[in-house]
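K.L.:
sequence first, then the predicted structure:
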Amino acid sequence: MSIKQHAPPARDFALDGREVDLLHYIYGRKDIKEIRNNPQKVLAAIDDYHSQFNVLMNIGPTKGAHIVNLLDERKPSTMVELGSYVGYSAILFAEALSKNGGKQYLGLELNPEMAAVANQLIDLAGLQGIAKVLVGSSDDTLKQLVQDGVIKDIELIFIDHWQERYLPDLWLMEELNLLKPGKSVLVADNIIYPGAPHYLKWVESTTEQKSAMVEAGKAGTLKPNPNLIYESTTTKFETDFGLDAVTVTRVVG
Ligand SMILES: C[S@@+](CC[C@H](N)C(=O)[O-])C[C@H]1O[C@@H](n2cnc3c(N)ncnc32)[C@H](O)[C@@H]1O
């Protein structure tokens, strides 16, 4: 019997112990003192582990740079992320947010072991004053954050958890009235691999097409807002896992 009797089962290339091994690797490095309080060096150390030992499902430098450009353009005060894993994107984006005068980076992570690794690396990077990963399912945590008045709307959200959750969580954000025309921007990763076709269809549909989907009962008990107008741009990238794409969706009306 596995000693991990309460943890979710390992997936291909993830959740098999490599994420804690990453911590041992980084804290065991000879240059740990230089890494401390240096976000770029923490990211480089994670990249080293990924290329030399075990692959990690991080956003990585190429797609990451594309999103940092967007952050530089939008300069959000708060950014939310769905799915933090070991904290790579949280460190990359929280540093960019901070440089642009932003105040808060909130990561929502289902797996407490991953959240612990992420918060440890955020602390190592010296970003604990701005970034925090909260444990729980994205939908429960989003509702709680709204109820507690922590977030009133979405400025920039990075959607990078399991792909079957992308559309239900977008519908929830619409239901909670978090998406504001001229203000909210959604960034979704892994649009080609593993792919998020239902999400992509929704953000690319007209208000009439979306209304028809809601009338056909596609959203179940959720209450989406089909009247929001989205403009989406999908950019393709070659990654370590093959061809992938990131979709940026601006709420324009
Ligand atoms: C692809 S990884 C995130 C990678 C990370 N954003 C990065 O680029 O460094 C996906 C993560 O989403 C988490 N996740 C899956 N379903 C979730 C949910 N419903 N709520 C919150 N996190 C979830 C998984 O546990 C996993 O750690």
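P.N.:
Nice, thanks for sending it over.
K.L.:
for the rest of this, base every contact and every neighbour count on C-alpha atoms.
P.N.:
Will do.
K.L.:
quick one, helices of the protein?
P.N.:
Secondary structure of the chain (DSSP state H): helices located at 18-27, 32-35, 39-52, 60-74, 88-99, 112-124, 138-147, 166-175, 197-204, 207-215.
K.L.:
please identify the deepest-packed of the ones you listed.
P.N.:
Stretch with highest mean neighbour count among those: helix 88-99 (a mean of 24; mean count of other Cα atoms under 10 Å).
K.L.:
tell me the residues on the stretch 101-250 of the chain that lie near the ligand, please.
P.N.:
L108, E109, L110, N111, M114, S137, S138, D160, H161, W162 (Cα under 6 Å from any ligand atom).
K.L.:
re earlier: same list, the helices of the chain, but as a markdown table with mean pLDDT please.
P.N.:
A markdown table is the format used below for these (pLDDT from 0 to 100):
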| stretch | mean pLDDT |
| --- | --- |
| helix 18-27 | 98 |
| helix 32-35 | 98 |
| helix 39-52 | 98 |
| helix 60-74 | 96 |
| helix 88-99 | 98 |
| helix 112-124 | 98 |
| helix 138-147 | 98 |
| helix 166-175 | 98 |
| helix 197-204 | 97 |
| helix 207-215 | 96 |
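K.L.:
how about these, which one is nearest T235?
P.N.:
Of all the helices of the chain, helix 60-74 sits nearest to T235, with 9.1 Å by Cα to Cα.
K.L.:
just want the angle from that closest one to helix 88-99.
P.N.:
Between the axes of helix 60-74 and helix 88-99, defined by axes from the mean of the first three to the mean of the last three Cα atoms, to 10 degrees, the angle is 30 degrees.
K.L.:
who are the packing partners of helix 60-74?
P.N.:
helix 88-99, strand 230-239 (3 or more Cα pairs under 8 Å, 6 or more residues apart in numbering; DSSP states H and E).
K.L.:
so who does E19 touch?
P.N.:
By Cα atoms under 8 Å, 6 or more residues apart in numbering, the contact set of E19 is L56, V86, M114, V117.
K.L.:
and L106, by the same measure?
P.N.:
T78, M79, V80, E81, A131, K132, V133, L134.
K.L.:
so how far is the ligand from it?
P.N.:
12 Å (Cα to the nearest ligand atom, to the nearest Å).
K.L.:
quick check: beta-bridge partners of that residue?
P.N.:
V80, K132 (DSSP bridges).
K.L.:
and the pLDDT for it?
P.N.:
Among the per-residue scores, L106 shows a pLDDT of 98.
K.L.:
which residue sits closest to S137 in space, ignoring its chain neighbours?
P.N.:
L110 (4.7 Å; Cα to Cα, 6 or more residues apart in numbering).
K.L.:
tell me, how many neighbours does the one you found end up with?
P.N.:
By the measure other Cα atoms under 10 Å, the count of residues near L110 is 22.
K.L.:
is it in contact with V135, as I believe?
P.N.:
Yes - contact between L110 and V135 holds when scored by Cα atoms under 8 Å: they sit 5.5 Å apart.
K.L.:
before we move on, back to that, among the helices of the chain, which is nearest E155?
P.N.:
Among the helices of the chain, helix 60-74 sits nearest to E155 (Cα to Cα), with 8.4 Å.
K.L.:
does the closest one reach the ligand?
P.N.:
No - for helix 60-74, no contact with the ligand is found by Cα under 6 Å from any ligand atom; the gap never falls below 6.7 Å.
K.L.:
kind regards, and thank you for your time.
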